[in-house]
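> A predicted structure for the sequence below; I have some questions about it.
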Amino acid sequence: MTMKIIDVHTHFFPDNIGPATIKMLAEKAQIKAWGTGTAASLREYMKLDGITLSVNAPVATKKEQVQSINRRMAGFNKTSGDIIGFGAMHPLYREIGNPAEEIEFLAENGIKGIKLHPEYQTFYPDDPSMKEIYEACARNNIIILFHAGVDFAYPDLVHATPKRLLEVTKITGLKLIFAHTGSYRMWEEVYELLAGKEVYFDTAYSSEIGAGIMKKIISKHGADKMLFGSDFPWMRAKQVIDMLEALGLDNDTKEKLYYRNAEKLLGIKL
């Protein structure tokens with residue numbers, strides 16, 4: 001690949017806990033992890049797979065983690081040129097702090113988005129209690145990257161179904177990314193319910209998607225609303241690139257998917 005690629009969906013952890021954290025998560029989900037879970041490891045695989053820029057999407061699994069993650073990412077972004085750190089929010093943060101004020105902190109410090117994970121954080125995307133967080137993100141131009149669909153660690157109950165995520169797309173002014181091509185392993189429902197709505201889909205952990213349904217989703221949804229994502233360290237970017245290259249997409253569509261749409265959404269120019 002000689003084309004620029006922005007990977008909008010990656011993860012790393014602090015150096016002191018990275019290796020142990022991804023070992024624990026990999027065992028829980030029974031999936032392979034690449035590298036050591038650190039920023040240095042992410043950069044190593046970015047170089048191997050030809051990634052120009054990555055977005056780190058931390059998840060606050062406890063409400064008490066929100067502020068420390070956000071301040072760590074604000075500091076990280078001051079010196080990082082090839083990785084952009086998103087911030088974090090938790091549905092129960094209101095019990096210990098003011099979600100609107102914390103989201104304003106993100107905006108004031110140049111943090112462009114947050115990651116919400118309905119499975120790890122145990123909430124439904126269309127729960128009315130999320131309104132304060134959504135409205136604060138809309139006011140402050142903060143992107144919300146949602147885990148969407150099945151998660152290997154929680155296979156018996158899916159909180160972020162296409163039907164529930166559809167309700168979130170109706171909120172005016174939200175900048176949304178639904179991961180895993182709209183909802184992992186629920187792609188027929190994505191095609192029926194979500195394709196064409198005002199939301200971006202990323203391709204994170206989507207290498208197993210069939211060529212037929214992937215091309216159908218891109219066609220109905222529009223190439224302007226597709227983003228490249230890998231979900232590293234759970235999948236290498238190369239695996240997703242190989243899947244996309246096999247689709248026979250035209251160059252204009254590939255440019256949009258690989259970097260132009262992300263540049264527009266993130267407000268950057270490579």
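Now that the structure is in, tell me what you want to look at.
> please enumerate the helices of the protein.
Counting by DSSP state H, the chain has helices at residues 18-29, 39-49, 66-79, 99-108, 131-139, 162-168, 187-189, 211-221, 237-245, 251-255, 261-266.
> using CSV, write down the CA coordinates of stretch 165-181.
C-alpha atoms of stretch 165-181 as CSV (Å, rounded to 0.1, in the frame of the first residue of the first chain):
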residue,chain,number,x,y,z
LEU,A,165,-28.1,2.4,17.9
LEU,A,166,-30.6,3.6,15.4
GLU,A,167,-32.2,5.7,18.1
VAL,A,168,-28.9,7.5,18.8
THR,A,169,-28.6,8.5,15.1
LYS,A,170,-31.8,10.6,15.6
ILE,A,171,-30.1,13.0,18.1
THR,A,172,-29.4,16.2,16.3
GLY,A,173,-25.8,17.3,16.0
LEU,A,174,-24.0,14.2,17.2
LYS,A,175,-20.9,13.0,15.4
LEU,A,176,-21.0,9.3,15.5
ILE,A,177,-18.9,6.3,14.6
PHE,A,178,-20.4,2.8,14.9
ALA,A,179,-17.5,0.4,15.0
HIS,A,180,-17.1,-3.0,13.3
THR,A,181,-18.9,-1.9,10.1
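> so for it, what's the average pLDDT?
Stretch 165-181 shows a mean pLDDT of 97 in the predicted model.
> what residues of that stretch count as buried?
165-166, 168, 171, 174-181 (16 or more other Cβ atoms under 10 Å). Placement of C-beta: from N, CA and C, glycine included.
> likewise stretch 100-119?
Applying a neighbour-count criterion of 16+ other Cβ under 10 Å, one finds 100, 102-103, 105-107, 111-119 buried in stretch 100-119.
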